[in-house]
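Participant: no sequence for this one, just the structure:
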């Protein structure tokens, strides 16, 4: 579970349980006590009011008022909204595009400066185009919900991403790559990555990826992705 998903889980669990000890919370989300304490500090920095009481019957408690006033969309959630709008626009199925863009611009204004910077970097890696009519989409599957937040963390921190990949013939392999971009050819979504083992870019259909995980260690460098001329970056959001 990445940091943002873990933070969301902590808020959700505290909201549901009222008071919970650090140890119980750590066990429920599958993390160490030290990680939970660090996450609680980060959530407090974001504006969540989390009380801590020691002794029998004590523990962590989330102030219900803080949930109403400080809950905000994460960069991943805003990015997901933007790429969904971009995909619908590319598929010519977005009748209210002006309203959608205006709404996204308002959402963006609620993000702190560092999150806006992250969002801009993610937008720079997003490309939307038209799918060839010759492409077979009869075996289109669901995309693992863990993939987008894993991609975001790997891309922004320039860390390798490891996952299981099932090719067109159904053969599954474990791949470790450098995430460089996302390509959307509605209804297909691709992770575009540099494969150091093959010394080349590879396109991985996102519905064929499962069990994505960040690989801590050496950072990779950003590379220019050689898309064709008919695939253009999505830059509809105001700069």
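Facilitator: Alright, I've got the coordinates. Since we're looking at a predicted model, the values are computed, not measured.
Participant: and stretch 40-49, end to end?
Facilitator: End-to-end distance for stretch 40-49, by Cα to Cα, to the nearest Å: 10 Å.
Participant: buried sites along that stretch?
Facilitator: Of all the residues in stretch 40-49, those buried under the rule 16 or more other Cβ atoms under 10 Å are 40, 43, 48. In short, each C-beta sits where N, CA and C put it, glycine included.
Participant: could you do stretch 9-26 as well?
Facilitator: So, applying 16+ other Cβ under 10 Å, buried residues of stretch 9-26: 9-11, 13-14, 20, 25-26.
Participant: may I ask which helix or strand encompasses residue 86?
Facilitator: helix 75-90 (DSSP states H and E).
Participant: just say helix, strand or coil for the nearest residue to residue 194 once chain neighbours are set aside.
Facilitator: Leaving aside its sequence neighbours, residue 194 sits nearest to residue 178 (Cβ to Cβ, 6 or more residues apart in numbering; 4.2 Å). What DSSP: H, G, I helix; E, B strand; the rest coil gives for residue 178 is strand.
Participant: ok, residue 178 - contacts?
Facilitator: Counting by Cβ atoms under 8 Å, 6 or more residues apart in numbering, residue 178 touches 158, 160-161, 193-196, 220, 223.
Participant: what sits against residue 206?
Facilitator: Per Cβ under 8 Å, 6+ apart, neighbours of residue 206: 143-144, 147, 189-191.
Participant: go again using 7 Å as the cut-off
Facilitator: Shown in contact with residue 206 (Cβ atoms under 7 Å, 6 or more residues apart in numbering): 143, 147, 189-191.
Participant: where along this structure do the helices fall?
Facilitator: 3-17, 22-29, 33-45, 64-70, 75-90, 97-109, 113-124, 147-157 (DSSP state H).
Participant: next, the angle from the second one to helix 3-17.
Facilitator: Here helix 22-29 points in a direction 120 degrees away from that of helix 3-17 (axes from the mean of the first three to the mean of the last three Cα atoms, to 10 degrees).
Participant: just give me how far helix 22-29 sits from the chain centre.
Facilitator: Here helix 22-29 is found 24 Å from its chain centre; the criterion is Cα atoms, centre = their mean, to the nearest Å.
Participant: any idea how far the residue located most distally from the centre of the chain lies from residue 65?
Facilitator: Within the chain, the residue lying farthest from the chain centre (Cα atoms, centre = their mean) is residue 56, at 38.8 Å. Between residue 56 and residue 65 the distance is 26 Å, computed by Cβ to Cβ, to the nearest Å.
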